[in-house]
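Visitor: Following is a predicted model, sequence given first.
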Amino acid sequence: MKKKKSTGTILAALFAALISAGCFIQIPLPGGIPIILQDMLAMLSGMLLGPLYGSIAVFVFLVLGSIGLPVFSGKAGLQVITAGPTGGFLIGYLLGALAAGLFLKFLLPPASAERRHVKAKTYILITAAAVLATVIVFVCGIIGFMRVTGSDFSKTLAAVLIPFIPGNLLKIVLMVPLTRTFRPVIEQYTAA
């Protein structure tokens, strides 16, 4: 049990580093908010590590950025979360990872029991978790963007949602097989 907790902690630290490094891989868009891998990595942390360790990974990432490391798409500081146009997305990373982790924890059978379940059901549940996490990230991001910029709902959707739909559909398509492949492996080391 103690070994599994320490392995979970190590994996959470590793994912915090991966999420942080994700800010260096970005595609700039005219609206000012680039397409990045951080959201996908944050959601994957919950889907792969579960609600506890996945949330810890995202929380550590948020702390690192808040204390001054430039991990928020090259920016840093607590003001990025509290007063920046992307702050809502950052909070959404944490809530999305938690929600996806909880969803899979309670609805997806453990890898040891999965052989008794239909493979298609596994893919459907993982896809649903990825969509749920993505929706949560964007709802938080839209609310945060509107609060900080004072933009109305339609302008906010045009700036922070519509341009990112294709990229996020691709991220969901990537998250499903990654989760299906690696979750059972990670589960062996973190499950109680």
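Guide: Yes, it's here.
Visitor: the bottom helix or strand of this structure by mean pLDDT?
Guide: The weakest-scoring helix or strand in the chain, judged by mean pLDDT, DSSP states H and E, is strand 26-27 (a mean of 74).
Visitor: right, and the helix or strand after the longest helix along the chain?
Guide: Longest helix in the chain, counting residues (DSSP state H): helix 119-149. As assigned by DSSP states H and E, the chain's next helix or strand after helix 119-149 is helix 153-160.
Visitor: Okay, now the unreliable bits of this structure?
Guide: Scanning the chain for pLDDT under 70 picks out 1, 3, 29-34, 111-117, 191-192.
Visitor: where do the strands sit along it?
Guide: For the chain, the strands defined by DSSP state E cover 26-27, 35-36.
Visitor: So for G74, which of the ones you listed sits nearest?
Guide: Minimum separation from G74 across the strands of the chain (Cβ to Cβ) falls at strand 26-27, 8.2 Å. In this view, the C-beta of every residue, glycine as well, is placed from N, C-alpha and C.
Visitor: where's the closest one relative to the chain centroid, distance-wise?
Guide: Distance of strand 26-27 from its chain centroid, counting by Cα atoms, centre = their mean, to the nearest Å, is 17 Å.
Visitor: Now do the buried residues in stretch 171-181.
Guide: Using 16 or more other Cβ atoms under 10 Å as the test for burial, stretch 171-181 gives 171-172, 175-176, 178-180.
Visitor: now swap in stretch 155-173 and tell me
Guide: So, applying 16+ other Cβ under 10 Å, buried residues of stretch 155-173: 156-157, 159-160, 164, 167-168, 171-172.
Visitor: And for stretch 128-146?
Guide: Per 16+ other Cβ under 10 Å, stretch 128-146 contains these buried residues: 128-134, 136-138, 140-142, 144-146.
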